[in-house]
Structure formats: structure tokens, C-alpha cells
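J.: sequence? don't have it. structure:
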């Protein structure tokens, strides 16, 4: 064979072999790089009861976009189920990185499983991570967890807020009632024109809601609730008797119908959403009613909604609610991904996630200064309602630090008995105090 032809063939074979080796090597490198990139994605397991998946969706999407190496896997449970499962899950080493923290005895009970944020956050996200956050809320949270920052609040809440049908109130030619006398006048005008509508609605079937309503009236006269919860003041007191009778007075005057005592949470909310009640009393987490955008999204056809305090019953009382930390975030001690978890906690509590989550109107943030996106509040009633809600949250006479089991099992049913007339206020406060000191709660 001609030497020139042989040399050409050898070169071709060499180049072909080299290309194949290079190609295979390149493929291997690409595969290795893909595996390496996949291994760099950190998945954080976040367990909570609130906010729900839909309410957190935009916040999580924004976080993952800003932190492409981190993914959030959210597990949302009903509140009572969450309270039961989390302590067991933490004690058995379940794979949880971030946990929703209820700022109550629940926080105290799980504190040993949570990392001190003052230790992890500065290293993970910077020493100034909490700048602009309310020092008062930070300190209040620490009182529940051995004076260490084991969680940070992302949402605060208050109850009971009155969300009112502003268009209907305007149609009646009435102003927002501030006292029970003014409310009776509004109710009479409503019933004269619309006998089938309700002047006020709440979930009377749910004992915890009745408890909340009574405690709101208790707060109108001062901070006796705080004296009970923090200083061991007695439930068998004139203050509690007056609060129980004050709530009953709304029924005695015909402002509230006893029919609402058969309504559960969903029924009460639907009654208002359908335009069949002038005012709906529930916690600040129902503030989405103020936003025309969110009402439209949820198929609620109310034209205009505002927010008000429950009208004052006794002379000298003040319009008020009870407010407190509602939902916190903690980082689990056993998590192997604490730095990534710290980034998410900072994003939701002091970072860009604050304004995103706030657009859901499910609570107020813990920042010292915060302005709601005014494009979501499209009427004077909505804007004034939001300002009223914030004012009430910031000037509450008592903490909403609920004794949930006691309220649902003892205090709420006692309120129901007084409303329905089967027991007097004087009778039930004796029973309430006896149960409270029984050691069962």
C-alpha cells in the first residue's frame, strides 16, 4: 500500500479514536457535573399548621428563585393534629428542618428541640439579620423559651375583629357603631329593611369562638385577662361576670340572634360572604375580606368591606381586641441543613418574604415599620379598616396568649350556657375557677 495512503488512514483512525475518547470523557464530565449540581440542591422539610400551602406559595416560590440551591417541602396539618404530632416527631428524630411554632405552651414544650437563633442566624445570614424587627416581639417570644430566641414570629394576630359589609351599612345610612347603644340602632334599621339578614354573626357553635368573644369584652374594661394568665388572678371575679353578661346583652337586646349559636366556623363565614350578615366577628386572619382582589379570587361578591372593633358594652370601656404572636419559625437542632434553613427563616421574618406573605392578609408582620401594598386596598372602607386593624393590634389591652384546651373544654362551654340562659354568669365563674385550679389544665 502506498505510504502516503497508509499515513492518511492512520491519522484518520487516530483522530476518530481521539474524538471518541474525548466525546465519552466529555459525556462523563457532563454526567458528573449534573450529579454534582443535583447533589448541591438542598431540600428543607418545613412542617407547620399555618399559613397553609396556598398562602405560602408565592413566598416559597420567591425564596427558591432567590436561592436556586434550596427547595422547600411543606407539610401542613390541622392545628390540633399538629400540636399532637410535632412533639412526638421531634423526639423520635423525624427529618424536619424548619417547624412552625405556636407562641404558647407549645413553644415552651418543644424548645429543647430548637436551635438558638442568635447562635445560627448571624453566621448564616449576617449579624444585622434582625435589624428593623420589633424588639418587643423578640423579647416576648424569648419569655416562652428560657430567655433564648428559639423562634421568630412571622405573623401576629388579634381577635375578635368585626369585618363589616360597608356597602350595606352605607345603604342603611348608618356609621360604624362604637357602642352597644349605637349598634342596637343599626341592628333595628337593618331588621326593619331586611328581616332575614343578621346584624352580627360569629361561630357560636364553636366553644373557642364564644370564649374569644367574651374575652374581647373583658378586655374592653382593662387587662384583667393578663392578670389571670400571668399573675394568677381569679376567674371567680366581677370582671369575668361583667364580661359574660356583656356578651349576653347583645342577645338580650336582639342585636345578635340565638340562631348563630348553631353556626360553625364555615357557616358563619359563608353567611357573611353571601351578604346575609352585616358584621362577621373573627380573628385578624380573616383580613383577606378587606381586599377586593382576594374577594374576587375566592368568589366572594361583596362590594366593599371594612373592619371595626366589637362595640363597647360598659360605660368607660374602650374598643379593643386581644393580640399576640401567632405563628413563628424555628430551626430544629438535629437538622443537617441549618444554614439553608436560616436563610428561609430570615427571608420570611425580616427579608423580602415579609411583604410577599403580607399580601395574603393572614396576619401582620413583626417589623417595626411596615406599609401594606395599597393597591390591594381599593376603597376608603378597606384602607380605614386596615388602619383600624393595625391600631387595634398595636394597642390591645390584653395578650391573646390562649389556654386553648381550657378555653375549648371549660370556658367556652360556660359562655354558651350563659348566652342560652341555662346558667348564670355567677354560677359559671365558680365552676371555671374550680376547673382551672384542678390541675387538669
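T.: Right, received. Where do you want to start? From a predicted model like this one, the values you see are computed outputs, not experimental measurements.

J.: Buried residues in the helix or strand encompassing residue 47, which are they?
T.: Assigned by DSSP states H and E, residue 47 belongs to strand 42-48. Going by neighbour count (16 or more other CB atoms under 10 Å), the buried part of strand 42-48 is 42, 44-48. For glycine as for every other residue, the C-beta is placed from the backbone atoms N, C-alpha and C.

J.: Widest-spaced pair of those?
T.: Greatest spatial distance among the buried residues of strand 42-48 (CB to CB): 42 and 48, at 18.6 Å.

J.: And for residue 94, the neighbour number?
T.: 15 (other CB atoms under 10 Å).

J.: typed the wrong thing, it's residue 431
T.: Look at residue 431: counted by other CB under 10 Å, it has 17 neighbours.

J.: Also the one 10 residues further on?
T.: Burial of residue 441 is recorded as 14 neighbouring residues (other CB under 10 Å).

J.: Tell me which residues touch it, please.
T.: Neighbouring residues of residue 441 by CB atoms under 8 Å, 6 or more residues apart in numbering: 403, 405-406, 409-410, 435.

J.: same check, this time on residue 116
T.: By CB under 8 Å, 6+ apart, residue 116 lies in contact with 148-150.

J.: Mind putting those into JSON lines with distance to residue 132 and pLDDT?
T.: Converted to JSON lines, the contacts of residue 116 look like this (distance: CB to CB, whole Å; pLDDT from 0 to 100):
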{"residue": "148", "distance to residue 132": "21", "pLDDT": "98"}
{"residue": "149", "distance to residue 132": "16", "pLDDT": "98"}
{"residue": "150", "distance to residue 132": "21", "pLDDT": "98"}
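
J.: In strands, which of the residues you listed appear?
T.: Judged by DSSP state E, those include no members of strands.

J.: Closest to residue 85 out of the residues you listed?
T.: Nearest to residue 85, judged by CB to CB, of these is residue 150 at 19.0 Å.

J.: how close does the closest one get to residue 344?
T.: 16 Å (CB to CB, to the nearest Å).

J.: Show me where the stretch 1-150 of the chain dips below the pLDDT cut-off.
T.: Scanning the stretch 1-150 of the chain for pLDDT under 70 picks out the ranges 1-39.

J.: If we use 50, what do you get?
T.: Residue ranges of the stretch 1-150 of the chain with pLDDT under 50: 2-23, 27, 29-38.

J.: Kindly provide the distance from the nearest residue to residue 107 once chain neighbours are set aside to residue 121.
T.: In space, and not counting its chain neighbours, residue 107 is closest to residue 144: 4.4 Å by CB to CB, 6 or more residues apart in numbering. Residue 144 sits 18 Å away from residue 121, going by CB to CB.

J.: what's the answer for residue 425, then?
T.: To residue 121, residue 425 is 48 Å away according to CB to CB.

J.: neighbour-wise, which of these two wins?
T.: More neighbours surround residue 121 than the other of residue 425 and residue 121, with 25 against 21 (other CB under 10 Å).

J.: Surely that one is in contact with residue 344?
T.: No. In this structure residue 121 lies outside contact range of residue 344 using CB atoms under 8 Å: 11.4 Å.

J.: Going along the chain, name the strands of the stretch 201-350 of the chain.
T.: Assigned by DSSP state E, counting those that start in this stretch, the stretch 201-350 of the chain shows strands spanning 279-282, 305-309, 322-331.

J.: Show me the one of these that comes nearest residue 216.
T.: strand 322-331 (6.6 Å).

J.: Tell me which other helices or strands that closest one touches.
T.: strand 98-101, helix 117-125, helix 135-142, strand 152-159, helix 207-220, helix 338-349, helix 380-394, strand 398-399 (3 or more CB pairs under 8 Å, 6 or more residues apart in numbering; DSSP states H and E).

J.: can you pull the contacts of the closest residue to residue 91 other than its chain neighbours?
T.: Excluding the flanking residues, the one nearest residue 91 by CB to CB, 6+ apart is residue 113, at 7.4 Å. Contact partners of residue 113, counting by CB under 8 Å, 6+ apart, are 90-91, 332-334.

J.: and what of residue 81?
T.: Counting by CB under 8 Å, 6+ apart, residue 81 has contacts residue 49.

J.: Within the helices and strands, which one has it?
T.: Residue 81 belongs to helix 79-91 when assigned by DSSP H and E.

J.: and residue 133, how many neighbours?
T.: Counted with other CB under 10 Å, residue 133 comes out at 18.

J.: start at 10 instead
T.: Shifting the count to begin at 10 puts that one at residue 142.

J.: Looking at strand pairing, list the partners for it.
T.: For residue 142, the beta-bridge partners under DSSP bridges are residue 376.

J.: Could you measure from it over to residue 188?
T.: 37 Å.

J.: Repeat that for residue 369.
T.: 33 Å.

J.: who's more crowded, the two?
T.: Taking neighbours as other CB under 10 Å, residue 369 and residue 188 compare with residue 369 leading, 22 against 15.

J.: Not including adjacent chain positions, what is the nearest residue to that one?
T.: Among residues not flanking residue 369 along the chain, residue 64 sits closest, at 4.7 Å (CB to CB, 6+ apart).

J.: My reading is that residue 81 is in a strand; is that accurate?
T.: Yes. Assessed by DSSP: H, G, I helix; E, B strand; the rest coil, residue 81 belongs to a strand.

J.: so it touches residue 73, yeah?
T.: Yes. Under the criterion of CB under 8 Å, residue 81 makes contact with residue 73 at 6.6 Å.

J.: neighbour-wise, which of the two wins?
T.: Comparing residue 81 with residue 73 by other CB under 10 Å, the one with more neighbours is residue 81, at 21 against 15.

J.: check contacts around that one.
T.: 52-53, 55, 69, 72-73, 353.

J.: run the last query once more with 6 Å
T.: 53, 55, 69 (CB atoms under 6 Å, 6 or more residues apart in numbering).

J.: quick one: which of those residues is nearest residue 222?
T.: residue 55 (33.1 Å).

J.: Tell me how far the residue nearest to that closest one when sequence neighbours are not counted lies from residue 341.
T.: Closest residue to residue 55 apart from its sequence neighbours, by CB to CB, 6+ apart: residue 107 at 4.3 Å. Per CB to CB, residue 107 is found 7 Å from residue 341.

J.: So residue 59 is in contact with residue 336, correct?
T.: Yes. Here residue 59 reaches residue 336: they are 5.3 Å apart, a contact under CB atoms under 6 Å.
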